[in-house]
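> For reference, the sequence and a predicted model appear below.
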Amino acid sequence: MDLKTPVLADPAPIKKSRLSLHSSLLPYSPQPQRALFTTGMLLSIPRKKTGVLDDVRAAAWLDSMKSSSPPPKKFPYDANPEQDSSDVDVAYRAWTLNYPSAITSFEQITHFAKGKRLALFLDYDGTLSPIVDNPDMAFMSEDMRSAVKNVSKLFPTAIISGRSRDKVYEFVGLTELFYAGSHGMDIMSPVKGSDAFNGHPNCVKLTDKQGKEAVLFQPASEFVPMIEEVYASLVETTREIKGATVENNKFCVSVHYRNVEEKNWKTIALRVCAILKEYPRLRLTHGRKVLEIRPVINWNKGKAVEFLLESLGLSDSDEVLPIYVGDDRTDEDAFKFLREENRGYGILVSSIPKESNAFYSLKNPSEVMEFLKALVTWKSGFALD
């Protein structure tokens, strides 16, 4: 296995889905992209240090911050409540024509899963736990924990999050899973899968207090000192902005502005950009009311999924059906990867219409739990047949 820097190229025309699903039955046509590999991981992004460009860059980020953070619904509705709520329902139902519910489409999903090995990948915030104002309070329910534990007994299961791996493990607390923190830049195998990464560079062995051994894959380990330095600077520069919080996710830094008044968003964008311009090997991305600083390497949640599939010997798309469930912009990298040659299904968790590379949708974490329980019931019944 040689997972290095991918370059995007046009693939050969795909006449038939690798999932044996005719293209006319897919929610919409696959994206014409495929990953090939070359040497080296660092990408070169030139930066110019001028005040004008800094202002332009910050303004662009402010627009992105607003577009990725729609205003909350107002209750009661401003106009006729029945009319407004009806309009919301109509828009969502129309959207699900392109992104059908994974629950109502469950029979179709399992039909194409027969005879294949399933692999399950799950985001955490907004997928297994609700989005909350305080990121440190994003706890999952015991029912959800039980659902994840049960599904992991039947399928290889991984949690892939922008959070630090340690934080996600603390929230979930299940030893049966693979954990990929920092958008896949810090991956830990469960004890039973500790040989999955053997022989791969950037891997280190870890032994816990009980003497149990796991293996870590960390393609961006050299960036840790730089991330710590940037984290300290961001904490200092945002200290006076009410509601702003900075989270050190080891291989990336998150600046949360969920609790910041919108009039101060531009200040955050300016200050983050001012620090980032001194670090050409770091880049700025964003999710739901969070700005994220990451190493400039070609690695993301999609690469984490690809790495795990290959490490586990599950990269044969004719024999394996990967499913990724996530709610955020950063999950789109995984959705895009699975859409390549129709090798798997992405499921977007959203209660509002939005563009996505996912195939299916679920409204909220409650529906995610229902979907996981349905997978367990289906697989258990299938084994008895």
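Here it is on my side, so go on. Computed from a prediction, not measured in an experiment: that's the story for all the values here.
> contacts, neighbours, all on C-alpha from now
Fine.
> Tell me the secondary structure of residue 205, please.
Per DSSP: H, G, I helix; E, B strand; the rest coil, the local secondary structure of residue 205 is strand.
> what's the nearest residue to it if we skip its chain neighbours?
The spatial neighbour of residue 205 that comes closest, neighbours along the chain excluded (CA to CA, 6 or more residues apart in numbering), is residue 215 at 4.5 Å.
> go on, residue 282?
residue 295 (4.4 Å).
> tell me the contacts of that neighbour?
220, 223, 251, 252, 281, 282, 283 (CA atoms under 8 Å, 6 or more residues apart in numbering).
> again, only using 10 Å
42-43, 185, 220-224, 226-227, 251-253, 279-284 (CA atoms under 10 Å, 6 or more residues apart in numbering).
> Quick one: buried ones out of those residues?
185, 220, 223, 226-227, 251-253, 279, 281-284 (16 or more other CA atoms under 10 Å).
> most centrally placed residue in this structure?
residue 331 (3.2 Å; CA atoms, centre = their mean).
> Verify the stated contact: it with residue 288.
No - using CA atoms under 10 Å, residue 331 is not in contact with residue 288, being 11.3 Å away.
> if we can go back for a sec, quick one: secondary structure of the residue nearest to residue 205?
Assignment for residue 215 (three-state DSSP): strand.
> How many neighbouring residues does it have?
Using other CA atoms under 10 Å, residue 215 has 21 neighbouring residues.
> quick one: it from residue 166, how far?
Taking CA to CA, to the nearest Å as the measure, residue 215 falls 14 Å from residue 166.
> one step back: looking at the contacts of residue 295, which are in helices?
224, 226, 227 (DSSP state H).
> pLDDT added to these, as JSON lines?
Conversion of the ones in helices among the contacts of residue 295 to JSON lines gives the following (pLDDT from 0 to 100):
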{"residue": "224", "pLDDT": "95"}
{"residue": "226", "pLDDT": "97"}
{"residue": "227", "pLDDT": "96"}
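> Could you export those as TSV, including distance to residue 346?
Putting those into TSV (distance: CA to CA, whole Å) gives the following:
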residue	distance to residue 346
224	31
226	33
227	30
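> just curious, which of these is nearest to residue 127?
residue 227 (26.5 Å; CA to CA).
> Does that closest one touch residue 249 like I think?
Yes - counting by CA under 10 Å, residue 227 touches residue 249, with 8.8 Å between them.
> Find residues that contact each of these two.
293, 294.
> what's near enough to touch residue 224?
By CA under 10 Å, 6+ apart, the contact set of residue 224 is 230, 249, 250, 251, 252, 295.
> Out of the ones in helices among the contacts of residue 295, which is nearest to residue 365?
Nearest to residue 365 among the ones in helices among the contacts of residue 295, with distances taken as CA to CA, is residue 227, at 31.1 Å.
> wait, what's in contact with the closest one?
So residue 227 contacts 233, 248, 249, 250, 251, 252, 253, 279, 282, 293, 294, 295 (CA under 10 Å, 6+ apart).
> what's the spacing between it and residue 184?
Applying CA to CA to residue 227 and residue 184 gives a distance of 16 Å.
> Ok, residue 279 next?
21 Å.
> Please apply the same query to residue 166.
Per CA to CA, residue 166 is found 13 Å from residue 184.
> Neighbour count for these two, which is higher?
For residue 166 and residue 184, the more surrounded residue by other CA under 10 Å is residue 184, and the numbers stand at 30 against 16.
> What backbone torsions are found at the residue nearest to that one when sequence neighbours are not counted?
Spatial nearest neighbour of residue 184, chain neighbours left out: residue 304 (4.9 Å); criterion: CA to CA, 6+ apart. Dihedral pair for residue 304: phi -60, psi -40, per degrees, to the nearest 10.
> wait, what's in contact with residue 304?
So residue 304 contacts 121, 158, 160, 180-181, 183-187, 217, 310, 333-334 (CA under 10 Å, 6+ apart).
> just to revisit the earlier point, shared neighbours of residue 215 and residue 166, anything?
residue 188.
> What is the longest helix that the chain contains packed up against?
Secondary structure of the chain per DSSP H: the longest helix is helix 365-384. If contacts are counted by 3 or more CA pairs under 10 Å, 6 or more residues apart in numbering; DSSP states H and E, helix 365-384 sits against helix 106-113, strand 117-122, helix 142-152, strand 320-326, strand 345-349, strand 360-362.
> quick one: residue 215 and residue 201 touch, right?
No - with contact defined as CA under 10 Å, residue 215 does not count as touching residue 201 (11.6 Å).
> Report the set of residues contacting both of those two.
Going by CA under 10 Å, 6+ apart, no residue sits against residue 215 while also sitting against residue 201.
> what kind of secondary structure is the nearest residue to residue 252 once chain neighbours are set aside in?
Among residues not flanking residue 252 along the chain, residue 294 sits closest, at 4.7 Å (CA to CA, 6+ apart). Following three-state DSSP, the label given to residue 294 is strand.
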